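In: mind folding the following:
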Amino acid sequence: MFSRTTIIIASIATLFLVIGYILIRKNITVKFYNKTGHDVDSLIVGDTFVGHISNNDSTEFIKFRKFHFDSGIPYEDLKGQIQRQTFSEFHSSWCGTERYTKTNGSYSFDIRAKPGIDTAWIYLDNHNKNVFTAN
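Out: Here you go, the predicted model:
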């Protein structure tokens, strides 16, 4: 049969595989809806490349390991291009007391854009909500 050493090595290897799987699995699924009024190119959310999303279109659900929130509003780093202009994320909070990270669940968010005087920015919003009033 198998020697005791072989069984111990196999058990340790299995334990490492299980721990590795738990650490790298992606439990959050997120769907993004483009509500910017334009196509978005080269979209990056957190450290995940999303790519192109046509105006008024959406992605499939995309898996993330974790997703950041602040006061119930998505708070991930965000970057993309609209009409060849680079847009970066806009974080509206002044403090971090209500920030938290989710590691499981399924969410739908709208991508919205707001042109600025010096910088144009994009942000994530809960689907079919708008936390900022349009000017």
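In: what distance do you get for the residue nearest to residue 124 when sequence neighbours are not counted to residue 14?
Out: Leaving aside its sequence neighbours, residue 124 sits nearest to residue 74 (C-beta to C-beta, 6 or more residues apart in numbering; 3.9 Å). Placement of C-beta: from N, CA and C, glycine included. Residue 74 sits 37 Å away from residue 14, going by C-beta to C-beta, to the nearest Å.
In: of these two, who's got more company?
Out: Neighbours per residue, other C-beta atoms under 10 Å: of residue 74 and residue 14, the larger number sits with residue 74, 22 against 10.
In: for residue 85, give the beta-bridge partners.
Out: Beta-bridge pairing for residue 85 (DSSP bridges): residue 82.
In: which parts of the protein are strands?
Out: According to DSSP state E, the chain carries its strands in the segments 28-34, 40-45, 48-53, 62-64, 67-70, 73-74, 78-82, 85-89, 99-102, 105-114, 121-126.
In: can you redo the ones you listed as TSV with distance to residue 4 and mean pLDDT?
Out: Below are the strands of the chain laid out as TSV (distance: least, C-beta to C-beta, whole Å; pLDDT from 0 to 100):
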stretch	distance to residue 4	mean pLDDT
strand 28-34	42	94
strand 40-45	49	94
strand 48-53	45	95
strand 62-64	40	93
strand 67-70	45	90
strand 73-74	52	86
strand 78-82	54	90
strand 85-89	55	82
strand 99-102	42	90
strand 105-114	44	90
strand 121-126	54	85
